[in-house]
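J.: Predicted model and sequence follow; I will ask about them next.
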Amino acid sequence: GESVGLHLPTLSVQEGDNSIINCAYSNSASDYFIWYKQESGKGPQFIIDIRSNMDKRQGQRVTVLLNKTVKHLSLQIAATQPGDSAVYFCAEKSDSWGKFQFGAGTQVVVTP
Amino acid sequence: NAGVMQNPRHLVRRRGQEARLRCSPMKGHSHVYWYRQLPEEGLKFMVYLQKENIIDESGMPKERFSAEFPKEGPSILRIQQVVRGDSAAYFCASSTGQGNGEQYFGPGTRLTVT
């Protein structure tokens, strides 16, 4: 069936470096994607989104890239900080009414 | 503007008891979604509701689980005769149903069945 998956379950990053989190999706009809951040014991927090008619979208210290040809999504975090340590999920909108499918998540660990 | 609120934050139930989880959406949001998350796993969709209507319950087990979103008051996810396998974090999200339909999540209810 259709699925959303992440390449790396754990990403260790040194403070100050840039982080790149990848996500593969298989539903070519998906037209909207969201990245969420989930800290331990908390609910997912909306970070940034992108529609399928865009290749790139930038926010504050974060950039999302979408490659529809290979059905790949990535989240880049600039100058990673200790507060960025969390699990990051990509979600694709897989239904007309707004049903989202979530990947398993990538744990980002920021080391000093 | 308060975000999505869920209560209780932690709930302990013995096997066979009932669990009731509540979700109040963000102000102005009339669409509610429930997800379940097991440790080290992603979020699994359970049910999507609008006021007084269940739109999609394809992710919800056919037995013991039910959900409602009444005209007044919070959305309720109800689990009857809980079993150990029901232990998980249950998250509620809400949206306006307009535009892209981005969903905003509550802090979750952590259910432990002993």
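T.: Structure's in. What do you need? Numbers count the residues shown, from 1 in each chain, chains lettered A, B, ... in the order given.
J.: List the backbone torsions phi and psi for the one residue in chain A that gets nearest to chain B.
T.: Going by Cβ to the nearest Cβ, chain B is nearest to A:Gly98 of chain A, at 3.4 Å. C-beta here means a position set from N, CA and C on the backbone, and glycine is covered the same way. Here is the backbone geometry of A:Gly98 (degrees, to the nearest 10): phi 110, psi 20.
J.: And the spatially closest residue to it that is not a sequence neighbour, how far from A:Val64?
T.: Distance criterion Cβ to Cβ, 6 or more residues apart in numbering or on different chains; nearest residue to A:Gly98, sequence neighbours excluded, is B:Gly101 at 3.4 Å. Look at B:Gly101 and A:Val64: by Cβ to Cβ, to the nearest Å, they are 17 Å apart.
J.: residues touching B:Gly108, list them.
T.: B:Gly108 is in contact with A:42-43, B:6, B:9, B:37, B:89-92, counting by Cβ atoms under 8 Å, 6 or more residues apart in numbering or on different chains.
J.: do that again at 7 Å, thanks
T.: Neighbour list for B:Gly108: A:43, B:6, B:89-91 [criterion: Cβ atoms under 7 Å, 6 or more residues apart in numbering or on different chains].
J.: now A:Asp49
T.: Neighbour list for A:Asp49: A:32-34, B:100, B:102 [criterion: Cβ under 7 Å, 6+ apart].
J.: could you redo the last one with a cut-off of 10 Å?
T.: Listed by Cβ atoms under 10 Å, 6 or more residues apart in numbering or on different chains, the contact partners of A:Asp49 are A:32-36, A:57, A:59, A:64, A:91, A:93, B:100, B:102.
J.: what residues does chain B put near chain A?
T.: B:3-4, B:6, B:9, B:31, B:33, B:35, B:37, B:40-45, B:48, B:50, B:55-56, B:58-59, B:89, B:91-93, B:95, B:97-108, B:110 (Cβ under 10 Å from any Cβ of the partner chain).
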